[in-house]
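>>> Provided below for reference: sequence and predicted model.
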Amino acid sequence: MTYKLIKNGNLMDVNGGTTVENAAVLLQDNTIVGVGPIGQIKQVDDAEVIDADGGYILPGFFDSHLHLTFQVGSMQEKILTPFSMKFYKSISFMRKTLDAGITSVRDAGGADAGLKAAVEQGLVAGPRMQISINALTTTSGHGDSWNLSGIDTTTPSYPGMPSGICDGTEEVRKKVREIFRAGAEVVKVHASGGVLSPTDHPEFTQFSQEELEVIVQEARFRKNLKVMAHAQGAESIKNAVKAGIHSIEHGIFLDDETIELMLENGTYLVPTLLAPVSVLETPNLPDYAMKKASEVADIHRESIAKAHKAGVKIAMGTDAGCFPHGTNLRELELLCDIGMTPMEAILSATKVSSELLGWEDRLGSIEAGKLADVIIVKENPLTNIKALQNTDNIQVVIKDGIIQKDIRVGSAIVTSN
């Protein structure tokens, strides 16, 4: 039984929206056992002391929408890179995600059961994962990367990664079952077109409402799992919400009717505001991607601002993989730009995201009894949310009670298990 005592810090209480000065957090193995002013914490003689040095103590962040097994590059690079390279590269992507203070993620497609197991068994360092395996998509849909040249750049299927392409209710039903068989913990579906796909548009509706209902039925009744929908056009979002889908990813073209439906159904929104912004910043992408990103960037911000003002539940997700891993927390500044306060943005990346994933009983806040996912930030993010974008300001990262990063001792990687 080992103890760690974090002291001399300012504790950010995401439940009360306040900051507790001169606070301490006591960890026993992988569990938080004491939180509050230092004088109220049980004294443990042999505890390892972590001096926050006046920094800010926060729960480990969530990214509720990313892709740990790829990072966007040129089409030539995609075609010429050996298939197995993606697994080796993901080791670096996961390391950068942890170094940014993100200890829990929902992978929106690409991470398989083996990657999750490698992290859980301590073979590699990485965030805690909820995986969707592969996204369901229609033929010629957002996940079908067949190009007009006739070259198909869709990521190939392999054992543990079924193809996601399916059409019609019976194919959809079978495909959900295949995804479950591969170890999916959440179902991902492309209900609309997207920015990076070659033969569609964000406003194109793909699966019918009936097909989406079958997906939800299979998820709920067979595995009691939730469904997340890449849905960008208004019609696709409405279809998804009416079908009972748990969260809308991106939500670019939200209208008043759609927002009202989301409020009535308690549907979460994961905006990924950084996604189209990052496309416009990335060199060597196809012209069709740049054109679509340019079309939707302003509309996207306006839609999310409207949803936030109306009270839609917003969880932070970034679509990392569509831009470099480790830069995820730029999303918090963009959330503030659409009207969130810094505390609301932090809540979206902690408490709200933990609720989205169904992990609120063990993560998302610093409370006794919860898992010991804690970070220490040098600068107050409530007065400068942009400070979180600099990973040097994320000084300590603890996941499951294990120090994953501590730059105070000059080492970005202390241990992975």
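Good, I have the coordinates. Numbers count the residues shown, from 1 in each chain.
>>> which one's the longest helix in the protein?
Taking DSSP state H as the criterion, the chain has its longest helix at helix 287-310.
>>> next, the angle from the helix or strand just after it to helix 287-310.
As assigned by DSSP states H and E, the chain's next helix or strand after helix 287-310 is helix 330-337. Helix 330-337 and helix 287-310 are oriented at 50 degrees to each other (axes from the mean of the first three to the mean of the last three Cα atoms, to 10 degrees).
>>> flag every buried residue along helix 330-337.
Under the neighbour-count criterion of 16 or more other Cβ atoms under 10 Å, helix 330-337 has R330, E331, L332, E333, L334, L335, C336 buried. Bear in mind the C-beta positions are built from the backbone N, C-alpha and C, glycine included.
>>> once you drop chain neighbours, what's closest to the fifth one?
If I follow you right, that is L334. Nearest residue to L334, sequence neighbours excluded (Cβ to Cβ, 6 or more residues apart in numbering): L273, at 4.0 Å.
>>> which parts of stretch 250-264 are buried?
Neighbour-count burial for stretch 250-264 [16+ other Cβ under 10 Å]: H250, G251, I252, F253, L254, T258, I259, L261, M262.
>>> residues contacting the closest residue to A47 other than its chain neighbours?
Ranked by Cβ to Cβ, 6+ apart and with sequence neighbours excluded, the top spatial neighbour of A47 is Y3, at 3.8 Å. With contact set as Cβ atoms under 8 Å, 6 or more residues apart in numbering, Y3 has these partners: L26, L27, Q28, V44, D46, A47, E48.
>>> how about I346?
Neighbouring residues of I346 by Cβ under 8 Å, 6+ apart: M12, V14, L58, L332, P381, L382.
>>> dump those to JSON lines, plus distance to G326 and secondary structure.
Converted to JSON lines, the contacts of I346 look like this (distance: Cβ to Cβ, whole Å; DSSP: H, G, I helix; E, B strand; the rest coil):
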{"residue": "M12", "distance to G326": "22", "secondary structure": "strand"}
{"residue": "V14", "distance to G326": "23", "secondary structure": "coil"}
{"residue": "L58", "distance to G326": "18", "secondary structure": "strand"}
{"residue": "L332", "distance to G326": "14", "secondary structure": "helix"}
{"residue": "P381", "distance to G326": "17", "secondary structure": "coil"}
{"residue": "L382", "distance to G326": "23", "secondary structure": "coil"}
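>>> pick out the lowest-pLDDT one from those residues.
Note: of the contacts of I346, the lowest pLDDT belongs to V14, at 87.
>>> pull the number of nearby residues for it.
Using other Cβ atoms under 10 Å, V14 has 21 neighbouring residues.
>>> distance of it from D392?
23 Å (Cβ to Cβ, to the nearest Å).
>>> kindly report the same for A117.
On the measure of Cβ to Cβ, A117 and D392 end up 31 Å apart.
>>> surely K386 is within a helix?
Yes: under DSSP: H, G, I helix; E, B strand; the rest coil, K386 sits within a helix.
>>> burial of it, as a residue count?
K386 has 15 nearby residues by other Cβ under 10 Å.
>>> now it: how far from T327?
Counting by Cβ to Cβ, the gap from K386 to T327 is 12 Å.
>>> shared neighbours of those two, anything?
Common neighbours of K386 and T327 (Cβ under 8 Å, 6+ apart) do not exist.
>>> for the stretch 51-200 of the chain, which spans come out with low pLDDT?
By pLDDT under 70, the stretch 51-200 of the chain has no low-scoring segment.
>>> what ranges does it have for its helices?
Using DSSP state H, counting those that start in this stretch, the helices of the stretch 51-200 of the chain run over residues 75-80, 85-99, 113-120, 169-181.
>>> out of those helices, which comes closest to D63?
helix 85-99 (7.1 Å; Cβ to Cβ).
>>> so who does E257 touch?
A234, K238.
>>> please identify the helix or strand for it.
With DSSP H and E as criterion, E257 is part of helix 256-265.
>>> how deep is the residue nearest to L334 tucked in, by neighbour count?
Residues near L273, counting by other Cβ under 10 Å: 26.
>>> same check, this time on E21
9.
>>> touching whichever strand or helix holds it from outside, list them.
Element membership for E21 (DSSP H and E) is strand 18-28. Applying Cβ under 8 Å, 6+ apart, the external contacts of strand 18-28 come out as 1-13, 32-38, 41-42, 44, 47, 56-57, 366, 372, 374, 382, 398, 401.
>>> same deal with stretch 160-171?
109, 112-114, 133-139, 141, 143-144, 154-155, 157, 172, 174-175, 178-179, 181-183, 190, 210-211, 214.
>>> buried residues in that stretch?
Residues of stretch 160-171 classed as buried by neighbour count (16+ other Cβ under 10 Å): M161, P162, S163, G164, I165, C166, D167, T169, E171.
>>> please apply the same query to stretch 202-217.
202-209, 211-216.
>>> can you redo the residues you listed as a markdown table with secondary structure?
Shown next, in a markdown table, are the buried residues of stretch 202-217 (three-state DSSP):
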| residue | secondary structure |
| --- | --- |
| P202 | coil |
| E203 | coil |
| F204 | coil |
| T205 | strand |
| Q206 | coil |
| F207 | coil |
| S208 | coil |
| Q209 | helix |
| E211 | helix |
| L212 | helix |
| E213 | helix |
| V214 | helix |
| I215 | helix |
| V216 | helix |
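>>> just the CA coordinates for the helix or strand in which L347 is found, please, in CSV.
Element membership for L347 (DSSP H and E) is helix 342-348. Extracted C-alpha coordinates of helix 342-348, given in CSV (Å, rounded to 0.1, in the frame of the first residue of the first chain):
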residue,chain,number,x,y,z
PRO,A,342,-13.0,29.1,-18.6
MET,A,343,-14.6,27.1,-15.8
GLU,A,344,-17.3,25.8,-18.2
ALA,A,345,-14.7,24.8,-20.7
ILE,A,346,-12.8,22.9,-18.0
LEU,A,347,-16.0,21.3,-16.9
SER,A,348,-16.7,20.1,-20.4
